Structures are given as C-alpha cells and as structure tokens.
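S.K.: no sequence for this one, just the structure:
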C-alpha cells in the first residue's frame, strides 16, 4: 500500500505517464547521468586547486552546487537535466583568469557570482528564451549532432585513446607504451576503455535496460580486477591512480570554510573585471543553450515550432545554480551535456534530476567511492551517447543547401574548436550570411534576433 502511495506521489509530482516513463526508468537514468559526470567531483577540485583554492573545500562546493542547481531544475522545469560546475569554464577560471591574468581566485569567484545574477535577470526578462526560440529547427538538430561528436571526442581523450601528437591528435600507441614500460599503468586502461566501448555497444544492441550504466560498472569492475591481479599498476606521475575506493580517511565531509563567501568585489568596476565576467557569461549562456537544444532535441522534448516548454524554469535553475556555486566556492555551474546519457536511458522528467541530485548529496559522505570511478570507465559511455546524439543529423534537410551547409559548419566546429558555444556561433553566422547573400532570407523569415546574434558573434571574433 505504501509503495502505491509513493508511486502515486511521484506520478502527481513528475507526471511520469504523460511523459511515457516510469519510476524504474527514471531512477536508472538518474544514476546513469550521475555516473557519467561524477568525474567532475575529482576533476574540478584538481583544476581549481591550481588557482590556490583548497581541494577539499572545492570538492564540497562542487557537490553542493550540483545538488542545489539540479534540484532547482527538477522543481522549476521538471526536466531530466543535471547541472554541475562546467568543464572548460573551470579551466578558464584557473589557468586564464588567475594564473595568466594575475587575478585572485576570490575576484574570479566574484565575477562568476555577478554573471549568475545577470543570468537571473536575463532569464526573468525572456532574453535567453528568445535566443533559444530564434534558432532554426535544422540548426537545433545540428547542435544536437555536434554535441554528440564533441562528447565522443571528450570520451576518446579521457580514455587516452586519442592523444596529442605532431599531427595535433593521434591514436594511442600500444607498441610505444610496451617499449617504455608504461603498458601496465597506462596502456591497460586504454585497452579497458576499448573493451568498455564494445561491451556498452553490445548491451545497446541487445537493448538491455540500463545498458550505459552497466557499461560503466562492468568496465570499472574489470579495472579493479586488473589492479587486484597486478595487470594494472597505478602511476601518479602518469595520472594513473588506483581504481579501488580508498577509505583510509573515513567518510567525513571536507570543510567548505576556505572558499565559502570568499568573493572579492574590490575590482568590480574595472574594465578587466567586466571582460572576465562577460567571458564567463558568454560561454555559460551558449554552452547551456546548446546543451538544452541538443539534449531536448534528442529526447523529442521540443514542440512543433522547435521551442522547449518550461525553458524559463530550466534557465533559471542554471542561473541560480551559478550564483549559489560562487557563494559555495566553485566556478560556473551549468547544464551538463552528459545529461544526454540519462536521456538515452529513457529519462524524461525531473525525477531523473532528483535521483542524480541525491547522489551528488550522498557523494559528500561517500567520496572515496565516487572519486574512484576512473575516466576509462566513463569514457565508453560518453562515446556511445555521442553516437546516439549524432543520429539527430538525419533530421536535417540536406536537400536545401542554405540549411545544410550552416548545419555542417555548426556540426564540425564543436569538436574541432573544442567548444559548444563556438559551434553555435559559427552555425548562426553562416546561416544568416549564406541565406542573406543567396537571397533566401525573406522566405526563411529569419528573425531580427538571429541577425543581432550573427552581428554580435562577428564582433566578438573581431574584438576579442
């Protein structure tokens, strides 16, 4: 009887049947999304510690910011999107703003906080929603496919299948790793990632429920087995750490005191501060819009006009999450593209987000377990989800070159420029210019906002 009551409560809260889903599917989707992005709990403290921030405090801030923002996404929009401090933005925070430009991390946090407040205002005034709705449907499908290539590339890099080389990138050399004696510490993890991709692919073909999650867990288990049998030997110098959970420090929550409310607003009215703040603002805005477009498009959440219902709530969750994250002591919080992994598992409502948020909360107490999930175990999930998202390109009208060429430019820009926002910028600029010069602008009814965005992006490249 109690179980039925719980089911009824969840049905009323998240409208599961309306979205053609159920509790089990949503729970698996939430766990899957969390597992594919749990790496942020380890990576973000490492990156921000370079700027002089306390690792333990950043870990706690990262988990709390993710928890708060993701619960807001569930409450305000009922979407299966999960938020956390964004990759790329954290690197800009540490390496560019602090190390290169010489600002303190306290001032950088202030810039993130101000950006979050501006985001809240923009979300309340429908500016971000208007931008989302102004982007043509074909371009939205291209954004989804481009994100697929982008996260697949991230997965290949995380697994070290793709490495730096004289030709910019190259495939990992097993022969070289054997000769150098690094196979047992690095080469074996690359091999495990390859095996993980095949395992996940087979589970997908077999239509096994929770295939992506099972792919992560099986690959991780193989890694633990390799370490226990001596096939895998951790090597900190190569960035290869133990995949076995370390409980030696217990389950205490690291104090957030070193970073909590440490924002420095001393230089808020200087030109450099404004430049930094707008850089955070720009990347966060278009990364978030790109992620919402891509993941929502893949999940068939867009209406017939290409609009995302309840987008205001989704954008507000993102904005408040950014401001809250700065207060806690972490870089910009944003909607994670890894949400696509949960959507691929069938997640369609805020219940998926709630499950992921709860796991971020639990990670505070079980950090040794979550921090032990290796990148070679989550990389196959990103690569397979990338495949699922790339299929959105089939919805693009390739018979109309004025649509197809901008979509192609958008598609290739994301992985090659290593940025969702740059892909969107290139797509919008090329869409407006190609249609304008070829005389198709009037029949396409390109909105004034699209012209403004194209002009804005061109100015950005000219001036910055």
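M.R.: Happy to help now that I have it. The structure presented is a predicted model; accordingly, all values stated were derived computationally and were not measured.
S.K.: Kindly report the domain assignment for this protein.
M.R.: 2-244+252-396, 397-464 (automatic domain parsing).
S.K.: most tightly surrounded among the ones you listed?
M.R.: domain 2-244+252-396 (a mean of 21; mean count of other CB atoms under 10 Å). (Glycine included, C-beta is placed from N, CA and C.)
S.K.: quick one: it to chain centroid distance?
M.R.: Distance of domain 2-244+252-396 from its chain centroid, counting by CA atoms, centre = their mean, to the nearest Å, is 3 Å.
S.K.: Now that domain: average pLDDT?
M.R.: On average, the pLDDT along domain 2-244+252-396 is 84.
S.K.: all helices of the stretch 151-300 of the chain, in order?
M.R.: Along the stretch 151-300 of the chain, the segments classed as helices by DSSP state H, counting those that start in this stretch run 174-180, 188-205, 211-229, 271-298.
S.K.: How about residue 106: what's its closest non-neighbour residue?
M.R.: Using CB to CB, 6 or more residues apart in numbering and skipping the chain neighbours, the partner closest in space to residue 106 is residue 264 (3.7 Å).
S.K.: Compute the distance between residue 323 and residue 86, please.
M.R.: Residue 323 sits at a distance of 14 Å from residue 86 (criterion: CB to CB, to the nearest Å).
S.K.: Can you show me the strands along the stretch 301-450 of the chain?
M.R.: Counting by DSSP state E, counting those that start in this stretch, the stretch 301-450 of the chain has strands at residues 333-335.
S.K.: Do a quick rundown of the helices in it.
M.R.: Using DSSP H, counting those that start in this stretch, helices in the stretch 301-450 of the chain cover 311-328, 339-344, 350-363, 367-370, 375-390, 401-416, 420-437, 441-444, 448-463.
S.K.: Kindly state which of the ones you listed is positioned closest to residue 177.
M.R.: Smallest distance to residue 177 across the helices of the stretch 301-450 of the chain (CB to CB): 13.8 Å, for helix 375-390.
S.K.: ok and the closest one relative to helix 271-298, angle-wise?
M.R.: Interaxial angle, helix 375-390 versus helix 271-298 (axes from the mean of the first three to the mean of the last three CA atoms, to 10 degrees): 70 degrees.
S.K.: what packs against helix 375-390?
M.R.: Under the contact definition 3 or more CB pairs under 8 Å, 6 or more residues apart in numbering; DSSP states H and E, helix 375-390 sits against helix 23-37, helix 137-158, helix 188-205, helix 211-229, helix 271-298, helix 339-344.
S.K.: can you rerun that using 6 Å?
M.R.: Under the contact definition 3 or more CB pairs under 6 Å, 6 or more residues apart in numbering; DSSP states H and E, helix 375-390 sits against helix 137-158, helix 188-205, helix 211-229, helix 339-344.
S.K.: which residues make contact with it from outside it?
M.R.: 36, 39, 144-145, 147-148, 151-152, 154-155, 158-159, 189, 192-193, 196-197, 200, 212, 215-216, 219-220, 298, 340-341, 344 (CB atoms under 6 Å, 6 or more residues apart in numbering).
S.K.: Touching stretch 127-145 from outside, list them.
M.R.: For stretch 127-145, contacts defined as CB under 6 Å, 6+ apart pick out 122, 289-290, 293-294, 297-298, 306-307, 311-312, 315, 389-390, 392-393, 395-397, 403, 407, 410-411, 427, 447, 449-450.
S.K.: ok, now with 7 Å
M.R.: Defining contact as CB atoms under 7 Å, 6 or more residues apart in numbering, one finds that stretch 127-145 is touched by 122, 285, 289-290, 292-294, 297-298, 302, 306-308, 311-312, 315, 389-390, 392-393, 395-397, 403, 406-407, 410-411, 423-424, 427, 431, 447, 449-450, 453.
S.K.: What of stretch 238-254?
M.R.: By CB under 7 Å, 6+ apart, stretch 238-254 touches 56-57, 59-60, 182, 185-186, 189, 220, 223-224, 227, 234, 364-366, 368-369, 372, 374.
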